[in-house]
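Engineer: sequence first, predicted coordinates after that:
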Amino acid sequence: MAQNKTAYTESPVENFVKKIDDPQKQMDSAALIKLMGIATGEPAKMFGSTIIGFGQYHYKYASGHEGNAPLLGFSPRKSAISLYVYSGGDEHRHLVDQLGKFKIGKACIYIKRLSDINMETLEQLMRETIQFIENTYTRIKE
């Protein structure tokens, strides 16, 4: 059974954020770190080399694929900030539809800047996603 190759590292989040070339992405990253830390009650940690994650849960799919992933996270990439705050489920789609200006993959939301989205809706989406994860998978308490 395949395991997820990405895992939490000991690399300091602050060092990663300082290396972001775009000052707006640096400010948005600082705001997201605060927001996601409050939502999860967990500190920011590097998940792999480019994702800032908060908390952790273990998933196992019917296919046999399993691994650990952050409860919430984001990655300030060059073209957009990738938000990992959505389960991909239809039960949360109404919140995604109210989020603002973004693009979406299966469960990843891409934004140019934090000011493009409705922060209250983002906070509600994060709370509901955490609830979904806790009801569906095993949250790992550190």
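Structural biologist: Yep, that arrived. Computed from a predicted structure; not experimentally measured.
Engineer: mind listing what's buried along stretch 119-134?
Structural biologist: By 16 or more other C-beta atoms under 10 Å, the buried positions in stretch 119-134 come out as 121-126, 128-130, 132-133. Quick note: C-beta positions are derived from backbone N, CA and C, even for glycine.
Engineer: state the pair within those that is farthest apart.
Structural biologist: T121 and I133 (18.5 Å; C-beta to C-beta).
Engineer: ok, R127 - contacts?
Structural biologist: A39 (C-beta atoms under 8 Å, 6 or more residues apart in numbering).
Engineer: secondary structure element for the residue nearest the centre of the chain?
Structural biologist: For the chain, the residue sitting closest to the mean C-alpha position, by C-alpha atoms, centre = their mean, is G73 at 2.1 Å. When elements are assigned from DSSP states H and E, G73 belongs to strand 72-76.
Engineer: and stretch 79-95, what's its mean pLDDT?
Structural biologist: For stretch 79-95, the mean pLDDT works out to 93.
Engineer: just the CA trace of that stretch, in CSV.
Structural biologist: Presented in CSV, the C-alpha positions along stretch 79-95 are these (Å, rounded to 0.1, in the frame of the first residue of the first chain):
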residue,chain,number,x,y,z
SER,A,79,1.3,32.0,-9.3
ALA,A,80,-1.2,31.7,-6.5
ILE,A,81,-1.7,30.8,-2.8
SER,A,82,-2.9,27.2,-2.6
LEU,A,83,-5.4,26.8,0.3
TYR,A,84,-5.9,23.3,1.7
VAL,A,85,-9.1,24.1,3.6
TYR,A,86,-11.8,22.2,1.7
SER,A,87,-12.8,18.5,1.9
GLY,A,88,-14.0,18.5,-1.7
GLY,A,89,-17.4,17.4,-0.5
ASP,A,90,-20.7,18.7,-1.8
GLU,A,91,-21.8,19.5,1.8
HIS,A,92,-19.4,22.4,1.9
ARG,A,93,-19.8,23.6,-1.7
HIS,A,94,-22.2,26.3,-0.6
LEU,A,95,-19.4,28.0,1.3
